[in-house]
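In: fold the following for me, if possible:
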Amino acid sequence: MSKVLMIYGAYGYTGELVVREAVRQGIRPIIAGRDGKKLKPLADTFGLEMRAFEVAKAKANLKDVDVVLNCAGPFSTTAVAFVEACIDARVHYVDITGEIPVFQFCHAQDARAAEAGIVLCPGAGFDIVPTDSLAAALKARLPDASRIDLAFSFGTKPSIGTVKTILESAASGGLVRRNHRLVSVPNGWRIRRIPFPAGARWGVSIPWGDVYTAGVSTGVPDGLVYCALPLTLGLTMRLTNFMRGLFAVPSVSRTLDLLAQQCFAGGPDADARGAQRTEFWAQATNVHGRTVTMTLSAPNVYAMTADTALAIANRCLTDPGPAGYRTPSMLMGSAFFLERPGFDVSYPGQSSACWQAS
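Out: So this is what the prediction gives:
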């Protein structure tokens, strides 16, 4: 009997792209989400089975499912219930989060997942897959690396889910990895010129999920993550650190969520997704100052996510390997990004300007 994939959050912008790509590849997933009315047009279009349920009732809906691919963010509100249900039902769990608390929670369930015989692989899309693969590849090239820094440039308008993650992160300040631990730092703690493949851009340090996952994948003690942002925005983040507590006030948070929905509704169309490129930079350094740098040019973030998330879900369906918590590179290997269509890797020089806040 064929194994069954469920895609939850199927009617969201990214979720629908994942469903369409799955059907293009000949996969017949069960599509799911909270709202049956929003699921039905997609189910009718492709003749797919649909299930409408709240995440709190996930276990009752996983009886004949082998892998769940969760595309419903924010994942801080969906991942825990799904992971618990998947462990109880012995169903592999994959999602496309970039949220550090979700990674930490899944990592903490490693022993339980191993006992249940399932894989937990959060972060199966942008931007964890490329940066995690780059970090693992750099560790292989520089085995004694003591730090790995990562950077990405969206190359497109971010989704509502991504914007909400950024806003949540702004409330708690920055995070870096230091001596294997996550350490709080101010927003915009470091600003530097990053030599991306298409040219140098300003990068601002942010508390993105890669700062955690890269440490798990490689065991390298130190590192941080930069996002390509205008210099003025990075300096503003730094200068307004004293205001960051406002982001956690419920009324302010709700207002910002509404603004995000108004300003970032939808996403790029098919032509834009085909034309846009996402860029990555990664650098490993050892205690002697030796550095190894890699850059990556990749497809649009949404097209990339649909491709990599399905590839990871398919691995869980066919050959998941050892059970437990796995980052993308731990599950798929450090060369995973080399196997994906439209990914171009290079090894540039290492010169760049760097600013650090006190």
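
In: alpha carbons only for contacts and neighbour counts from here, please
Out: Noted.

In: what is the burial count for residue 77?
Out: Close neighbours of residue 77, defined as other CA atoms under 10 Å, add up to 12.

In: just the element for residue 103, please.
Out: Using DSSP states H and E, residue 103 sits in helix 100-108.

In: for that helix, packing partners?
Out: Packing contacts for helix 100-108, counted by 3 or more CA pairs under 8 Å, 6 or more residues apart in numbering; DSSP states H and E, involve helix 79-89, helix 210-218.

In: now do that helix and helix 210-218, the angle between them.
Out: Angle of helix 100-108 versus helix 210-218, following axes from the mean of the first three to the mean of the last three CA atoms, to 10 degrees, is 20 degrees.

In: between helix 79-89 and helix 100-108, find me the angle.
Out: Angular relation of helix 100-108 and helix 79-89 on a 0 to 180 degree scale: 20 degrees, by the same axes, to 10 degrees.

In: nearest to residue 124, out of the helices and strands packed on helix 100-108?
Out: Closest approach to residue 124 among the helices and strands packed on helix 100-108 (CA to CA): helix 210-218, 11.6 Å.

In: the helix or strand that comes right after the closest one pairs with which strands, and in what direction?
Out: Using DSSP H and E, the helix or strand that follows helix 210-218 in sequence is strand 225-228. Strand 225-228 pairs in its sheet with strand 147-153 (parallel), strand 199-206 (antiparallel), by DSSP bridges.

In: show me this structure divided up by domain.
Out: Here the domain parsing of the chain from automatic domain parsing is 5-126+303-331, 128-300+339-356.

In: from those domains, which stretch is densest packed?
Out: The highest mean neighbour count among the domains of the chain, using mean count of other CA atoms under 10 Å, belongs to domain 5-126+303-331: a mean of 20.

In: and of the strands paired with strand 225-228, who's closest to residue 336?
Out: strand 147-153 (17.2 Å).

In: before we move on, the earlier item: avg pLDDT for the helix holding residue 103?
Out: Model confidence over helix 100-108, given as mean pLDDT, is 97.

In: following the top helix by length along the chain, which helix or strand comes up?
Out: The residue-count maximum for a helix in the chain (DSSP state H) belongs to helix 301-318. Going down the chain from helix 301-318, the next helix or strand is strand 324-325, by DSSP H and E.

In: what lines up beside that following strand in the sheet?
Out: By DSSP bridges, strand 324-325 pairs with strand 119-121 (parallel).

In: for the strand it pairs with, give me every contacting residue.
Out: Residues from elsewhere that reach strand 119-121 (CA atoms under 8 Å, 6 or more residues apart in numbering): 83, 92-95, 106, 110, 113, 316, 320, 322-328, 331.

In: repeat that with 6 Å
Out: Outside of strand 119-121, the residues within contact range by CA atoms under 6 Å, 6 or more residues apart in numbering are 92, 93, 94, 323, 324, 325, 326, 327.

In: can you list contacts of the helix or strand where residue 140 lies?
Out: Assigned by DSSP H and E, residue 140 belongs to helix 128-141. The contact list for helix 128-141 (CA under 6 Å, 6+ apart) reads 210, 214, 218, 328, 329, 334.

In: going by distance to residue 68, which of those wins?
Out: Looking across these and measuring by CA to CA, the closest to residue 68 is residue 328, at 15.5 Å.

In: which residues touch the nearest residue to residue 151 once chain neighbours are set aside?
Out: The shortest distance from residue 151 to any residue other than its chain neighbours is 4.4 Å, reached at residue 226 (CA to CA, 6 or more residues apart in numbering). Listed by CA under 6 Å, 6+ apart, the contact partners of residue 226 are 151, 203, 204, 205, 206.

In: thought residue 225 was touching the third one, still the case?
Out: No. Using CA atoms under 6 Å, residue 204 and residue 225 do not qualify as a contacting pair, with a distance of 8.1 Å.

In: please enumerate the strands of the stretch 251-358 of the chain.
Out: For the stretch 251-358 of the chain, applying DSSP state E, counting those that start in this stretch gives strands covering 277-285, 291-299, 324-325, 344-346, 354-356.

In: show me the shaky parts of the stretch 101-250 of the chain.
Out: Where the stretch 101-250 of the chain drops to pLDDT under 70, the residues are 156-172, 242-250.

In: surely residue 345 is in contact with residue 296?
Out: Yes. Applying CA under 6 Å, one finds residue 345 in contact with residue 296, separated by 4.6 Å.

In: just checking, residue 305 touches residue 127?
Out: No. Counting by CA under 6 Å, residue 305 sits too far from residue 127 to count as a contact (8.2 Å).

In: so what's the residue nearest to residue 281 when sequence neighbours are not counted bridging to?
Out: Excluding the flanking residues, the one nearest residue 281 by CA to CA, 6+ apart is residue 295, at 4.4 Å. Using DSSP bridges, the bridge partners assigned to residue 295 are residue 281, residue 346.

In: separation between residue 295 and residue 130?
Out: In this view, residue 295 and residue 130 are 10 Å apart by CA to CA, to the nearest Å.

In: distance between the ends of stretch 62-78?
Out: Stretch 62-78 has its terminal residues 15 Å apart, counting by CA to CA.

In: which residues sit against that stretch?
Out: 3-9, 15, 91-95, 161.

In: could you dump the residues you listed to CSV with distance to residue 196 and secondary structure?
Out: Shown next, in CSV, are the contacts of stretch 62-78 (distance: CA to CA, whole Å; DSSP: H, G, I helix; E, B strand; the rest coil):
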residue, distance to residue 196, secondary structure
3, 41, coil
4, 39, coil
5, 36, strand
6, 36, strand
7, 33, strand
8, 34, strand
9, 33, coil
15, 29, helix
91, 39, coil
92, 35, strand
93, 33, strand
94, 29, strand
95, 27, strand
161, 25, helix
